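**Q** can't give you the sequence, but here's the structure:
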């Protein structure tokens with residue numbers, strides 16, 4: 001789609017990354033991009049409040065199969081988190097993953113993932129997700145030279161150093177000690193229009209040339225992350241980005257060939273979706 005869109009610059013190509021409209025993540029993006037806290041040194045996102053019981057997976061023959069979805073929690077529940085992670089922090093250069101397939105459920109795809117990444121500037125990060133934790137956690141931390149941001153999905157906290165660590169460590173002569181820290185709740189505007197906001201921006205782009213919430217070409221980044229994680233797990237080795245897409249497809253198709261569609265699908269029922277989209 002990126003290649004086709006590039007041939008038609010007169011058209012608008014956008015992604016439904018509705019979580020980018022959340023004021024908490026917008027503010028994190030703004031602060032990191034501004035350089036107020038300096039260069040990123042570490043990122044950590046524990047996003048394990050994607051809990052799903054077995055009955056969820058039993059409602060459709062295709063659900064949580066290689067042939068039906070091409071993956072599990074990374075493909076179904078966590079794509080928005082992966083997008084936000086790279087949108088705010090940038091893309092890593094290396095991915096190394098421990099992944100469990102059908103650990104907590106009777107499924108063939110991954111339901112428990114712990115990823116370690118390295119960034120071009122030497123920073124490191126972790127991304128932990130699962131559909132098996134009850135209760136789960138949503139804690140997104142970004143540690144920078146000048147402090148850190150902590151988002152729990154409800155509030156955004158800043159811990160700001162009075163002097164950047166790289167300056168302090170060279171100047172301080174006291175042996176034990178650290179920079180002074182000021183902790184504050186970051187003020188946000190409370191907006192969170194979600195899908196409506198993305199649609200309104202898309203209309204604005206068409207009618208008035210206004211910016212999109214997410215350009216279509218950006219959609220490849222989160223997918224690249226989840227694919228690299230799968231490839232790392234399948235080969236039991238770190239993966240450099242960009243990775244070997246031919247090898248990835250080859251290994252995925254091997255799993256698709258032996259994928260089993262469920263035959264004991266439960267009766268259709270109306271699901272209560274309230275509180276299940278915890279990006």
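**A** Received, thanks. Treat the numbers as computed from the prediction; the structure is a model and nothing was measured.

**Q** any idea how far residue 146 lies from residue 182?
**A** 11 Å (Cβ to Cβ, to the nearest Å). Using the backbone N, CA and C atoms, a C-beta is placed for each residue, glycine as well.

**Q** Which of the two has more residues huddled nearby?
**A** In this comparison of residue 146 against residue 182, neighbours counted by other Cβ atoms under 10 Å, the higher total goes to residue 146 at 21 against 10.

**Q** close enough to count as contact, the more buried one and residue 37?
**A** Yes - under the criterion of Cβ atoms under 8 Å, residue 146 is in contact with residue 37, at a separation of 4.3 Å.

**Q** mind checking how far the residue nearest the centre of the chain is from residue 20?
**A** For the chain, the residue whose C-alpha lies nearest the mean C-alpha position (Cα atoms, centre = their mean) is residue 82; its distance is 1.7 Å. Counting by Cβ to Cβ, the gap from residue 82 to residue 20 is 12 Å.

**Q** and what of residue 75?
**A** Between residue 75 and residue 20 the distance is 19 Å, computed by Cβ to Cβ.

**Q** between these two, who's got more neighbours?
**A** A direct count of neighbours by other Cβ under 10 Å for residue 75 and residue 20 places residue 20 higher, at 24 against 18.

**Q** need the contact list for the more buried one.
**A** In this structure, residue 20 makes contact with 26, 29, 83-84, 87, 198, 213-214, judged by Cβ atoms under 8 Å, 6 or more residues apart in numbering.

**Q** can we see that at 7 Å?
**A** Applying Cβ atoms under 7 Å, 6 or more residues apart in numbering, we find residue 20 in contact with 26, 84, 87, 213-214.

**Q** Would you map the helices across the stretch 51-200 of the chain?
**A** Under the criterion DSSP state H, counting those that start in this stretch, the stretch 51-200 of the chain carries helices at the ranges 54-57, 73-76, 79-89, 165-171, 194-208.
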